[in-house]
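> what follows is a predicted protein model with its sequence.
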Amino acid sequence: MSRAIRKNLAAAYRIIHLMGYDNLTYTHLSARAEDGKSFYILPFGFLFDEVTASSLLRVDFDGNVLFLRNHGVITCGKTIHAAYIYLHHLQQACKTQCLAMADRENLILPSKEICERSVKDLLSFEPDIGYRDWQALLRLLKRRDFDYEK
């Protein structure tokens, strides 16, 4: 189980780099370890495209942790692929909003009901949200020879 978590987290780092969502060494991802008392994270100072499964550090929850206000986002999911797909959709929504607002015209916003229906449709589209896309992204990493598994 530990190896699978490490491989998927390393893949997430590489995919986020590939999509351009990283910010040099100023961001990170983490995944809860199988014991529920620790988590995996990249070593301080690593770029996302340098992370491999074996380079990830295991840190317990008793250490000092600093969360910065107004600095980035935290997406959570039951799996790494679910957390990634939430990040991806958030990134796309933010990009769309910025482009729409740049036009400086009055925006026509969807109703609350349409927004709620869209969220419901997204969350019920498939039983394991993000899994299908995650498998496709893992194949992309292999085709591009991103050696995240070592």
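Okay, I see it. Predicted model only: the values in this text are computed from it and were never measured.
> what sits closest to residue 29 if chain neighbours are left out?
Counting by Cβ to Cβ, 6 or more residues apart in numbering, the nearest residue to residue 29 once its immediate chain neighbours are dropped is residue 12, at 5.5 Å. For every residue, glycine as well, the C-beta is placed using N, CA and C.
> quick check: mean pLDDT of the helix or strand containing residue 136?
Element membership for residue 136, per DSSP states H and E: helix 131-143. For helix 131-143, mean pLDDT rounds to 89.
> and if you look at stretch 28-42?
Averaged across stretch 28-42, pLDDT comes to 84.
> got the buried residues for that stretch?
29, 30, 31, 33, 38, 39, 40, 41, 42 (16 or more other Cβ atoms under 10 Å).
> and what of stretch 14-30?
Burial within stretch 14-30, assessed by neighbour count using 16+ other Cβ under 10 Å, is assigned to 14, 15, 16, 17, 18, 21, 22, 29, 30.
> surely the last one touches residue 39?
Going back to what we said before, that points to residue 30. Yes: under the contact definition of Cβ atoms under 8 Å, residue 30 touches residue 39, with a separation of 4.6 Å.
> so the closest residue to residue 53 other than its chain neighbours is in which element?
Computed as Cβ to Cβ, 6+ apart, the closest residue to residue 53 that is not its neighbour in sequence is residue 6, at 3.9 Å. Under DSSP H and E, the secondary-structure element containing residue 6 is helix 2-19.
> okay, that helix in CSV with CA atoms only?
In CSV, the C-alpha atoms belonging to helix 2-19 read as follows (Å, rounded to 0.1, in the frame of the first residue of the first chain):
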residue,chain,number,x,y,z
SER,A,2,2.8,2.4,0.9
ARG,A,3,4.4,2.0,-2.5
ALA,A,4,1.1,2.6,-4.3
ILE,A,5,0.5,5.8,-2.4
ARG,A,6,4.1,7.0,-3.1
LYS,A,7,3.8,6.2,-6.8
ASN,A,8,0.5,8.0,-7.2
LEU,A,9,1.7,11.0,-5.2
ALA,A,10,4.8,11.2,-7.3
ALA,A,11,2.7,11.0,-10.4
ALA,A,12,0.5,13.8,-9.1
TYR,A,13,3.5,16.0,-8.7
ARG,A,14,4.6,15.3,-12.3
ILE,A,15,1.1,15.8,-13.8
ILE,A,16,0.6,19.1,-12.0
HIS,A,17,4.0,20.2,-13.3
LEU,A,18,3.0,19.1,-16.8
MET,A,19,-0.2,21.1,-16.6
